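Asks: predicted coordinates and the sequence they were generated for:
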Amino acid sequence: MAAPKFVEQLREQIGHEFAAHQQYVAIAAYYDALTMPRMASLFYQQALEERDHAMMMVQYLLDADETVEIPGVDAPNNTFADVVQPVQIAVDQEKRVTDQINALTRTARDESDFASDQFMQWFIKEQVEEVAKMSDLLAVVTRSKSDYERIEDWVAREDKGIAVDPGAPAIAGG
């Protein structure tokens, strides 16, 4: 059984992950409309990852025999001033999610909920990677904001494909 306080926070986090999913879809659509297919693809993929994170949390609650409650989310930002703003939003979002993941881990530890603490370790590692990825992208987009092709070329060079992490938590329905 997971600690009740952890379960409550994890339910909230499911909403944050779905909100991140929607924000990344909105960002991807923005870049798609600018005919920046590499940037669009990167953010469509990011959207899927955020959805998967939410579904991992759903599966954890199911495995812990807890009630799953899916919260509603606010509408994402759909309008952007330039090609830099969506990436800045992504960096800010990833940093905020990192804080949320750390708070969940802290709660699990404070509540002596060792299984939930162990579950959160994968997300901690994932957030380090996500913040670094988006921070690098922000540097490139800021430097090359008037040269869309240069941005697209960088994304193409840095694309490492979709790697399956055998240590990732199970995805509900997956």
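Replies: Noted; the coordinates are in hand. Numbering: from 1, shown residues only.
Asks: distance of the most centrally placed residue in the chain from Pro4?
Replies: The centroid of the chain falls nearest to Glu50 when counting by CA atoms, centre = their mean (4.0 Å). As judged by CB to CB, to the nearest Å, Glu50 and Pro4 stand 26 Å apart. Quick note: C-beta positions are derived from backbone N, CA and C, even for glycine.
Asks: same check, this time on Gln118
Replies: 18 Å.
Asks: for the helix or strand harbouring Asp32, the distance to its chain's centre please.
Replies: Using DSSP states H and E, Asp32 falls within helix 4-33. Relative to the centre of its chain, helix 4-33 is centred 7 Å away, using CA atoms, centre = their mean, to the nearest Å.
Asks: helices or strands next to the helix or strand hosting His53 in the packing?
Replies: Per DSSP H and E: His53 is located in helix 37-63. For helix 37-63, the packing partners by 3 or more CB pairs under 8 Å, 6 or more residues apart in numbering; DSSP states H and E come out as helix 4-33, helix 84-110, helix 114-143, helix 148-158.
Asks: what are the buried residues along the third one?
Replies: Of the residues in helix 114-143, 116-117, 119-120, 122-123, 126-127, 130-131, 133-134, 137-138, 140-141 count as buried by neighbour count, 16 or more other CB atoms under 10 Å.
Asks: and it, how far out from the chain middle?
Replies: 8 Å.
Asks: what's that helix packed up against?
Replies: Counting contacts by 3+ CB pairs under 8 Å, 6+ apart, helix 114-143 is packed against helix 37-63, helix 84-110, helix 148-158.
Asks: run the last query once more with 7 Å
Replies: Contacting helix 114-143 under the criterion 3 or more CB pairs under 7 Å, 6 or more residues apart in numbering; DSSP states H and E are the following elements: helix 84-110, helix 148-158.
Asks: can you get me a residue count around the residue nearest to Val140 when sequence neighbours are not counted?
Replies: Excluding its sequence neighbours, the residue lying closest to Val140 (CB to CB, 6 or more residues apart in numbering) is Trp154, at 4.9 Å. Look at Trp154: counted by other CB atoms under 10 Å, it has 19 neighbours.
Asks: appreciated, that's everything.
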